[in-house]
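Trainee: Sequence and predicted structure, then a few things I'm wondering about:
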Amino acid sequence: MRTVDRALALGLTEAEFALVCAKLDREPNEVELAVFSLMWSEHCAYKHSKKLLRQLPSEGPRLAMGPGENAGAVTVGDGYVLAFKVESHNHPSAVEPFQGAATGVGGILRDIFAIGARPIAILDSLRFGDPESVRTRYLLDHAVGGIGHYGNSIGVPTIGGEVYFEGPYEQNCLVNAMALGLARADGLIRSAASGVGNALILFGAATGRDGIGGASVLASAELGEEDAAKRPTVQVGDPFAEKKLLECSLELLDRGLLVALQDLGAAGLSSSSAEMASKGEVGLDIDVSRVPLREAGMEPWEIMVSESQERMLCVTDPETVAAVLAVCEKWEVHGTVIGSVTEERVLRVLDGDAMVGEMPVEALVDDCPLYDLTPSPPTSALYPAPPCVLGADVTDPREILLALLASPNIASRRPLFEQYDCIVQSRTVRRPEQADAAVLAMPGGGAIAVSIDGSGRRVACDPYTGTVEAVLECTANLACCGAEPLGLTNCLNFGNPEKPHIAWQLTESIRGLADACRALEVPVVGGNVSLYNESGGGPIYPTPVVGMVGELPDAARAGRSGFAVAGDLVGFAGPFRPSLPGSELAKLRGEELPSSLPPLDIAALRAAQRAIFEAVRAGALASAHDVAEGGFLVALAECCLAGGVGAVLDLGATDDLERTLFGESPGSGFVVSGSPDALAAVGELVDLDVFGTIGGDVLDVTSGRARVVVSLDDLRGAHSALAPLFP
Amino acid sequence: MRFGVIRFPGSCDETDAVLACERVPGCSATLLWHGDADLHGVDAVVVPGGFSYGDYLRVGAIARFSPVMESVIAFSEEGGLVLGICNGFQVLCEAGLLPGALLPNEGLRFLCRQVDVEVVRSSMPFTADCFPGERLSIPVKHTTGRYYAPPAELESLHAHGQIVLKYAAGHNPNGSLDDVAGVTNQAGNVLGLMPHPEHAVDPLTGSRDGLKLFLSMAHAHG
């Protein structure tokens, strides 16, 4: 086979191969070709998204570490910083959901402790097809099992997340995992290798043939029917090995033994070493014959690209090598000197005395061509209308409410989140379903709130506005806990960007993300892009997943979503202008997706959200909950369910009952409760109508001549519709 | 009083246990490394939750062979107080310090849930600060927590008052026989339980009910 054909088989284009030859001044050998094909893959080089991502704002007064390192970080007071990042593991999870999801968690946790932060929380964002389908049940059950297996075993709480079920994810599910870590501000470490003559030490699990070519084969191409054959490219996770790796890494840092630290993720040793060398503007010599192997007879190229999990690479002074190896010994992780830092900016791969590869670092990391997209809006609907499960003849609001509560996108996630340890590490102030965001206590008495969101169907309707909505939905969740946003991370899950309409979705979505972040003055501290999420059934809904961190000054005053005190008044706050097209009700009715969503006034919403978080953190409100999927009446039902108490409400007459009760406008409406004085005070800051009282065991809502009365038991029955999925 | 909390590779809740012990007035806590047979003169031992040695092979099966466990066994034989929580309970059963065994949950899944636990017996060092029948709100989180003992042994446990904690009616999360949540040895100085009292020591993070176990131990020590 000619080298060029091998390059094509590995995912490079002919032009890219020619450029590799020009950079080397010759054809690459086997090792070099393997390394280049991975370093220049979409997954590693972001070649179709890098130019667009430059629009995202990444500056802010609280920024401690911006994009470019393994994770971003913001300051959280008292000398601490909070690191966080979200990343996808979609294709591996579609092929082997348990290990795919588990290693997704393992990978994002390594990103966090690679910068010297102790992982303190995990969130997950999942997208599947129809929950009734055999395939979805298999994927969901195993992905949730995999996330739990890894997070629970390593002792990091999974404190929140979200899941949507939509047809376009049937073949290509999404598994995104977000992790947060806590560090002293002076304890962060970067990945830049430095100090000519310093030693390069690999520690952690032994290297095997698992995950070879994962980045190029799985992550950078569409899924096809022969994917079962790709299972060997999915890595196998071992949380116990990572637990030891984590403790070992943090002890090494604590003792001040390291110059640089980097985890091994996609493209294994190739990518981690090239990145370290590039950032440090140095070269590295790596002797693959010294790498501890899991199986005999591995070729040098296999060792360089293996994606075996639970491995780290560090740089240390020759004087401290023995001390580093002793700490590795204590934690029972292999620590092996595999190379050294060199002056010339070249990555040299040695096999004992033989030179088996020699590549300029710059060529590997910086010279991959970046492509301009050719965006073009679609001229006809890209996605079929969802199947109709609720006839248009059903107009009784009570019946619609129960159908929405039982629908897969709204029903209680308890059967999923009970499989996750949400309390280990003793920081969890608000657990799932207690508030709109998870809340963790911080060392100085304050707290952080975390939320992750992104409704692909809304983005499919209108990529720009749908993405703005995702950001505002996150900040609304934070506001209900009393938190002001500090920073944002994102994972952009899209189809094949070489297709003009997907390019258009991606371009519009990033523009929306950039505009929303700029208007809210929230920096993007890092993120991840997952493209080529397509299968025989077509592209997924464009799905930008937004993860956001906010802070509140007093953990004891973190907001709750459930009605709390019988006799308290219920109010509705915010510039809420609901609409039905693109809503959950429209989905249940099988309506076509609209081709646009109503624009949002970000400044007005920001002001309303500020009023909410100020009132919550002042302790004025007993509960706060934002109106999201399903609209106003669903939000009221959720407040009753979370608080275990009913309410009697009168909305007054309305000209369009269905739109008022079930229309949506993410991030702009809030159901709050509190004393009469408290609500009056909040009403000074934001539009607020008081319309009822908490008490009893029914939700009783009147509007003009219409009246909805539902018992808590009936609400609960409908809301637990997902339980049968986990018998 | 000084608590010692064992740290195996794969322990997850050892730091939480230390924080819980330190909430007891006049008490301190220190971590004990699994490879060190010296208990460093601690007054009571906590075997914490987590996944010691990854819980490969069988839960708790490898940890019991740790050098520190030899010393814990000797310590308990001299009447020292030993508290095993979750994985610690599993380890103590494997080590033969407690009767019975923990089997996979009825639902076969990991389950994290706040449950009510009833104090069956309060005339002992771990529960002296509770009254009989008191309900404690404490979380469970495990995959392998279904308590089992052969019928004759279970009867003997009841007869000797060794069943100290039970899940309240409707709160049994895992199918444990007779709703057993925590048992002691015959001497009453070793307690194992599946619920996590160290995660119920502060209303801010859920409940304060679990702290009573640590307070009781401190009072028993005097």
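Mentor: It's in.

Trainee: CA only for contacts and neighbour counts going forward, please
Mentor: Noted.

Trainee: and the stretch 251-400 of chain A, which of its residues are near chain B?
Mentor: With the criterion set to CA under 8 Å from any CA of the partner chain, the stretch 251-400 of chain A comes near chain B through residue A:331.

Trainee: Tell me which stretches of the stretch 251-400 of chain A form strands.
Mentor: Along the stretch 251-400 of chain A, counting by DSSP state E, counting those that start in this stretch, strands occupy A:260-263, A:283-287, A:311-316, A:334-342, A:346-351, A:354-360.

Trainee: Output these in JSON lines; the columns should cover mean pLDDT, distance to residue A:550 and mean neighbour count.
Mentor: Below are those laid out as JSON lines (pLDDT from 0 to 100; distance: least, CA to CA, whole Å; neighbours: other CA atoms under 10 Å in any protein chain shown):
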{"stretch": "strand A:260-263", "mean pLDDT": "95", "distance to residue A:550": "27", "mean neighbour count": "26"}
{"stretch": "strand A:283-287", "mean pLDDT": "97", "distance to residue A:550": "39", "mean neighbour count": "25"}
{"stretch": "strand A:311-316", "mean pLDDT": "96", "distance to residue A:550": "30", "mean neighbour count": "26"}
{"stretch": "strand A:334-342", "mean pLDDT": "96", "distance to residue A:550": "38", "mean neighbour count": "22"}
{"stretch": "strand A:346-351", "mean pLDDT": "97", "distance to residue A:550": "41", "mean neighbour count": "21"}
{"stretch": "strand A:354-360", "mean pLDDT": "96", "distance to residue A:550": "42", "mean neighbour count": "17"}
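
Trainee: Nearest to residue A:391, out of these?
Mentor: strand A:260-263 (52.3 Å; CA to CA).

Trainee: how much distance is there from that closest one to the middle of the chain?
Mentor: Computed by CA atoms, centre = their mean, to the nearest Å, the chain-centroid distance of strand A:260-263 equals 22 Å.

Trainee: send the alpha carbons of that strand over as CSV?
Mentor: The C-alpha trace of strand A:260-263 is given here as CSV (Å, rounded to 0.1, in the frame of the first residue of the first chain):
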residue,chain,number,x,y,z
ALA,A,260,4.7,20.4,34.2
LEU,A,261,1.8,18.0,34.2
GLN,A,262,-0.5,16.7,31.4
ASP,A,263,-3.0,14.0,31.1
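
Trainee: related to what we said a few turns ago, please produce CSV containing the strands of the stretch 251-400 of chain A, extended by distance to residue A:401.
Mentor: Formatted as CSV, these follow (distance: least, CA to CA, whole Å):
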stretch, distance to residue A:401
strand A:260-263, 48
strand A:283-287, 62
strand A:311-316, 50
strand A:334-342, 57
strand A:346-351, 62
strand A:354-360, 62
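
Trainee: Residue B:124: which of those is closest?
Mentor: strand A:334-342 (46.1 Å).

Trainee: so what's the residue most central in space within chain A up against?
Mentor: Chain A has residue A:86 as the residue nearest its centroid, 3.6 Å off, counting by CA atoms, centre = their mean. Applying CA atoms under 8 Å, 6 or more residues apart in numbering or on different chains, we find residue A:86 in contact with A:108, A:176, A:177, A:178, A:179, A:489, A:490, A:491, A:527, A:528, A:547.

Trainee: Residue B:99 too?
Mentor: With CA under 8 Å, 6+ apart, residue B:99 has these contacts: B:93, B:149, B:183, B:184, B:185.

Trainee: Okay, residue A:181 and chain B: tell me how far apart.
Mentor: 16 Å (CA to the nearest CA, to the nearest Å).

Trainee: Leaving out the residues flanking it, which one is nearest to that residue?
Mentor: residue A:119 (3.9 Å; CA to CA, 6 or more residues apart in numbering or on different chains).

Trainee: who in chain A is up against chain B?
Mentor: Near chain B, when you scan chain A using CA under 8 Å from any CA, you find A:148, A:153-155, A:239-240, A:243-244, A:331, A:418-430, A:555-556, A:727.

Trainee: so what strands line up beside the helix or strand that contains residue A:85?
Mentor: Assigned by DSSP states H and E, residue A:85 falls within strand A:80-88. If you go by DSSP bridges, strand A:80-88 pairs up with strand A:72-77 (antiparallel), strand A:174-184 (antiparallel).

Trainee: Rebuild these as a markdown table, extending it with distance to residue A:199, mean neighbour count and mean pLDDT.
Mentor: Converted to a markdown table, the strands paired with strand A:80-88 look like this (distance: least, CA to CA, whole Å; neighbours: other CA atoms under 10 Å in any protein chain shown; pLDDT from 0 to 100):
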| stretch | distance to residue A:199 | mean neighbour count | mean pLDDT |
| --- | --- | --- | --- |
| strand A:72-77 | 27 | 25 | 94 |
| strand A:174-184 | 25 | 27 | 97 |
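
Trainee: what's the closest of the ones you listed to residue A:607?
Mentor: Nearest of the strands paired with strand A:80-88 to residue A:607, taken as CA to CA: strand A:72-77 at 22.9 Å.

Trainee: before we move on, back to that, which element follows the strand holding residue A:85 toward the C-terminus?
Mentor: Next element after strand A:80-88 (DSSP H and E): helix A:90-95.

Trainee: Dump that next one to PDB, restricted to CA.
Mentor: What follows is helix A:90-95, C-alpha atoms only, in PDB (Å, rounded to 0.1, in the frame of the first residue of the first chain):
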ATOM      1  CA  ASN A  90     -20.500  10.700  22.000                       C
ATOM      2  CA  HIS A  91     -19.200   8.300  19.500                       C
ATOM      3  CA  PRO A  92     -17.600   5.800  21.900                       C
ATOM      4  CA  SER A  93     -20.900   5.900  23.900                       C
ATOM      5  CA  ALA A  94     -22.900   5.100  20.800                       C
ATOM      6  CA  VAL A  95     -20.700   2.100  20.100                       C
END
